[in-house]
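Student: A structural model of the following input is requested.
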Amino acid sequence: MSDRIETQFIDTGAVRFEVDTAGDQSSERLALLLHGFPESSFSWRHQLPMLADLGYKVWAPNQRGYGKTTRYSRISDYRLELLVDDVARLIDASGCKSVTLIAHDWGGIVGWYAVLSGIRSFERFIVMNLPHPKRMSEGLRTWAQLRRSWYVFFFQIPGLPETLLRLDGARAVGRAIHDMAVDKSRFPDEVLAVHMRKAAQPGATRAMVNWYRAALRTGSHFQRLAESPPLLETPTLMIWGEQDVALGKELTYGTDKLVKDFTLRYLPGVSHWVQQEAPETVNAMLEAWLCDRPVPQA
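Tutor: From the prediction side, this is the model:
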């Protein structure tokens, strides 16, 4: 990881976050990056220095239950409402007046609901390989997406999924990332070892799986946001690796009707792990969009 990235602990009261940071920490412009499953803040290692160069205070937290961030044992402690509240707490702790939220995979679920529910004011939103909640809700009514999402239902089994994930130093976590990737050279053993080491910490795999279990206990407010969302006013950039085996490209269709200011870029031949697998392309798109320049095609 770049020597420009430092790890700090940010105590927000309910949760003490382990956060990878970069950039001028006195800046009033925050770039907050939310990782997915089964990754960690390490998945943003290529983006933090670039965002720092653009003048942001950059924070990539290990989210609730991940890494050395506070880990809870109850499923109810990973409800979506609490995950979204964590975003508000981090923003408040940063003291920043301008916030750009950047999210991938499960971080994208949290990110979409954070911007749609208006928990804080967001200048911009960037989401990678996670569809708008309405499109996700519609997709889960189709056999094609249900078949891709088989693991969500497997994770509902008590005890078994987390046990299998943590065997042999969380080898299954490394295999999942490696096997889903298209360009496997981006995930050498030393990179996979970081993801595995974080997942192998005591209680980590149970916390990670509990995000999926708690998702079935989402409150009615967020269910309504998925079914009848307001038109999102926050300018939004979506980046999508087309070779995603977990989420179909068709879930992106129609998002322009749900977001007032929407930009979409596809990355052919790139997997779900878009910001790790194609960091040069992703960073070029991020920088252009954040600097109000035309966003290049892949």
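
Student: So Leu33 sits against Asn62, correct?
Tutor: No - Leu33 is beyond contact range of Asn62, at 11.0 Å (criterion: CB atoms under 8 Å). In this view, the C-beta of every residue, glycine as well, is placed from N, C-alpha and C.

Student: Now for these two: what residues contact both?
Tutor: Ser41 (CB atoms under 8 Å, 6 or more residues apart in numbering).

Student: and Glu123, how many neighbours does it have?
Tutor: 16 (other CB atoms under 10 Å).

Student: Quick one, grab the pLDDT at it.
Tutor: pLDDT, Glu123: 97.

Student: The one 5 residues further on now?
Tutor: According to the predicted model, the pLDDT of Met128 comes to 98.

Student: For it, name its beta-bridge partners.
Tutor: His104, Ile239 (DSSP bridges).

Student: For it, which residues are in contact?
Tutor: Contacts of Met128 (CB under 8 Å, 6+ apart): Ile102, Ala103, His104, Asp105, Gly108, Met238, Ile239, Trp240, Gly241, Val274, Gln275, Val282.

Student: which of the residues you listed sit farthest apart?
Tutor: Ile102 and Gly241 (15.4 Å; CB to CB).

Student: In this structure, which residue is most central in space?
Tutor: When CA atoms, centre = their mean is applied to the chain, the residue found nearest the centroid is Gly107 (2.5 Å).

Student: who's the residue nearest to that one when sequence neighbours are not counted bridged to?
Tutor: Closest residue in space to Gly107, ignoring its immediate chain neighbours: Leu34 at 2.9 Å, by CB to CB, 6 or more residues apart in numbering. Beta-bridge pairing for Leu34 (DSSP bridges): Ala103.

Student: Who are the contact partners of Leu34?
Tutor: Pro61, Gln63, Val87, Leu101, Ile102, Ala103, His104, Trp106, Gly107, Gly108, Val110, Gly111.

Student: As CSV, could you dump the C-alpha coordinates of the helix or strand of the chain at the bottom of the mean pLDDT ranking?
Tutor: When the helices and strands of the chain are scored by mean pLDDT, DSSP states H and E, helix 220-227 comes last with a mean of 82. What follows is helix 220-227 as a C-alpha-only set of coordinates in CSV (Å, rounded to 0.1, in the frame of the first residue of the first chain):
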residue,chain,number,x,y,z
SER,A,220,-40.1,-0.1,6.2
HIS,A,221,-38.7,3.4,5.5
PHE,A,222,-35.9,1.9,3.4
GLN,A,223,-38.3,-0.6,1.7
ARG,A,224,-40.4,2.4,0.6
LEU,A,225,-37.3,4.1,-0.7
ALA,A,226,-36.6,1.1,-2.9
GLU,A,227,-40.2,0.8,-4.2
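
Student: Where do the strands of this protein begin and end?
Tutor: Secondary structure of the chain (DSSP state E): strands at 6-11, 16-22, 29-34, 57-61, 98-104, 124-128, 236-241, 262-267.

Student: quick one: contacts of the first one?
Tutor: If I follow you right, that is strand 6-11. Arg16, Phe17, Glu18, Val19, Asp20, Thr21, Ala22, Trp59, Pro61, Lys68, Leu90, Ala93.

Student: which residues of the chain score low on pLDDT?
Tutor: 1, 218-220 (pLDDT under 70).

Student: Can you list the buried residues in stretch 118-131?
Tutor: Arg120, Phe122, Glu123, Arg124, Phe125, Ile126, Val127, Met128, Asn129, Leu130, Pro131 (16 or more other CB atoms under 10 Å).

Student: Tell me which two of the residues you listed sit farthest apart.
Tutor: The widest separation within the buried residues of stretch 118-131 (CB to CB) is 23.7 Å, between Arg120 and Asn129.

Student: Looking at the contacts of Met128, which is nearest Gln47?
Tutor: For the contacts of Met128, the nearest to Gln47 is Gln275 (6.0 Å; CB to CB).

Student: What number of residues are in the vicinity of the closest one?
Tutor: Neighbour number of Gln275 under other CB under 10 Å is 27.

Student: Go ahead and confirm it touches His46.
Tutor: Yes - counting by CB under 8 Å, Gln275 does reach His46; the two are 6.6 Å apart.

Student: tell me, what's touching the two both at once?
Tutor: Common neighbours of Gln275 and His46 (CB under 8 Å, 6+ apart) are Val282.

Student: Pipe the contacts of Leu34 into TSV and attach distance to Leu251 per row.
Tutor: Formatted as TSV, the contacts of Leu34 follow (distance: CB to CB, whole Å):
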residue	distance to Leu251
Pro61	26
Gln63	22
Val87	22
Leu101	20
Ile102	19
Ala103	15
His104	15
Trp106	15
Gly107	16
Gly108	11
Val110	17
Gly111	15
